[in-house]
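>>> Could you work out the structure for the sequence below:
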Amino acid sequence: MQQTEAGASVKRTAMYCGFAATGVGLSLPGALMPVLLRHWAIGDARGGVLLFCFYAAAPLGAFAVRGRRLRWVLAGSLFGMAGAAALGLGGALTAMAAIALYGFGLGSTMTSISLLQSQRFPAERRLELTRLNLVWAAGAALGPWLALSNRFGAALRGHRVMLLAATLFAAFSAWVAWFEREDNDVDVAAPPRLSVLQVPWPLLALVFCATGVEAAASGWLTAYAARAGDSLRLTIGAGTLLWVGALAARALHSTRWSQRLPERAVLGGSIALVAAALAALIAWPAGIVTLIAAGALGFGTGPLYPLLVAAVLRQREQSSVFVLAGIGASTLPLLTGAVAGWTRSLRAGLGVPLAAAAMMLGLWMLHQDEHPTPGR
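Okay, here's the model as predicted:
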C-alpha cells in the first residue's frame, strides 16, 4: 500500500514538474523576442509572424490529443524538445516551422497532463487543476529570468536557451517513458463537433480578445522594455512581473473567499485593469512605471480566460471555445508586429492590444445585463 502511494506521489510530482516546464516554455518565445530579432536581423513584422506560428500551433496540439493520455504527454514533450532544439540551432529560414512544432508540443503536453490528472484524481479534480495552474504560472514567471539573466543569458547567448529547454523536455520525456509501461489510463474521446452558433456573440468576442491581449502582451513586452532603453534588470523584471501578477491573480481566485465575489464585477474590474495597464505602458514606456504596469497587466489577465471559458461552457458544452481562444492568441500578436513594422514603432504596435482591451470594456459595459457572464 505504501509502495503504491509512493508511486502515485512520484507520478504526481513528475506531472507537476512537466506542467511547470510548459509554463517556462510558453513564456520563452516572448522573453527571447529581442534576442531573436537581433540575432536573425529580422523586423517586428517577421517577429509577429513568429508569434503567430507559435500561438496558432498550440491549440492544434491540444486538439490532436487522442488515445492514451500518458502517451500524449510523452509525444508532446518530444515534439516540444524537437521544436526547441530546431529553434536553438536553426536560422531565420527554419524558425517558423521550428516554433510551430514547439508550440504544437506545448499545447498537446499541457492538454494531456490536465486530462490525465483530472482522470487520476476525480474526487479532487478542481483542487488538482488549480494546483496545476499555479505551478504553470510559477514556471512562466521563471521563464524571462532564465532567458535573459546575466548568469544564463550571457553563458548561453540568449537564443541558445532553447537548447536548454530542449534538454529539459528530453529529460522529462525519459521520465515519462519510464513509468508509461505500467500505466492504465483510458483513451481520450474524440472532441465534440464544433459549434458556436448558440453562444452570444459578445461572449465570443470577449474570449477572442482576452487570449489575444494576453498573448500580445507576453509576446512583445520584453522587446518593448528592452527597446525603451531599460537596463537588463528592468527588462527581465517586466516579463517576470507579468507572470507573477498572473500567478497572484490565479492564487487569489482559487480561494473560497473569491468565490463570493460577483462574477460580473470581477470580469469588469479585470478588463479595466488590463486597459489601464496597457495605457500606462504606452504613455510611460520606461522605468518603474513599466514594472508596475507589467504586474498590473498580469494580475488583470489572470482571471479573464477561466471566467470566460466557464461562461461559455455554461451556455453550451463544446470544444470550439478553445479554437476561438487560439485564433485570438495568434492573431493579436501578429497584428501587433505588423503595426509596429509599418509604423516602425513597437509603442504604436501595442495600440493593438490596447484597442482590444477597450473593446472588451465597451462590450462589458453594454452587455453586462444580458449574456456575457451568466450565473452570478
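
>>> need the helix or strand of this protein with the lowest average pLDDT.
helix 155-156 (a mean of 46; mean pLDDT, DSSP states H and E).

>>> after it, next one along is what?
Proceeding N to C from helix 155-156, the next assigned helix or strand is helix 161-180, under DSSP states H and E.

>>> Now do the buried residues in that following helix.
By neighbour count on 16 or more other CB atoms under 10 Å, the buried set for helix 161-180 is 161-162, 164-166, 168-170, 172-173, 175-176. Using the backbone N, CA and C atoms, a C-beta is placed for each residue, glycine as well.

>>> Give the other helices and strands that that helix contacts.
Contacts defined by 3 or more CB pairs under 8 Å, 6 or more residues apart in numbering; DSSP states H and E place helix 161-180 against helix 2-31, helix 69-89, helix 125-148.

>>> The last one - what's its average pLDDT?
When the per-residue pLDDT values of helix 125-148 are averaged, the result is 76.

>>> and the angle from it to helix 161-180?
Angle, helix 125-148 to helix 161-180, by axes from the mean of the first three to the mean of the last three CA atoms, to 10 degrees: 150 degrees.

>>> Map the structural domains onto the sequence of this structure.
Per automatic domain parsing, the structural domains of the chain span 1-191, 192-376.

>>> Which of these comes out lowest on mean pLDDT?
Mean pLDDT per stretch puts domain 1-191 lowest among these, at a mean of 77.

>>> gap between that one and the chain center?
Distance, stretch centre to chain centre, for domain 1-191: 11 Å (CA atoms, centre = their mean, to the nearest Å).

>>> Phe104 reaches Leu60, doesn't it?
Yes - counting by CB atoms under 8 Å, Leu60 is a contact partner of Phe104 at 5.9 Å.

>>> So for the two, which sits in the more crowded spot?
A side-by-side neighbour count of Phe104 and Leu60, using other CB atoms under 10 Å, places Phe104 first with 25 against 15.

>>> Near Phe121, how many other residues are there?
By the criterion of other CB under 10 Å, Phe121 has 16 neighbours.

>>> Is it in contact with Glu128, as I believe?
Yes - if you go by CB under 8 Å, Phe121 and Glu128 touch, sitting 4.6 Å apart.

>>> relative orientation of the helix or strand containing Leu115 and helix 69-89 in degrees?
Using DSSP H and E, the element containing Leu115 is helix 92-120. Angle between the axes of helix 92-120 and helix 69-89 is 160 degrees (criterion: the same axes, to 10 degrees).

>>> After the strand or helix carrying Ala265, which helix or strand is next?
Applying DSSP H and E as the criterion places Ala265 in helix 263-283. Per DSSP H and E, the first helix or strand lying C-terminal to helix 263-283 is helix 288-301.

>>> ok, and what's touching that next one?
Residues from elsewhere that reach helix 288-301 (CB atoms under 8 Å, 6 or more residues apart in numbering): 210, 213-214, 217, 221, 225, 228, 230, 234, 237-239, 241-249, 270-274, 276-278, 280-281, 284.
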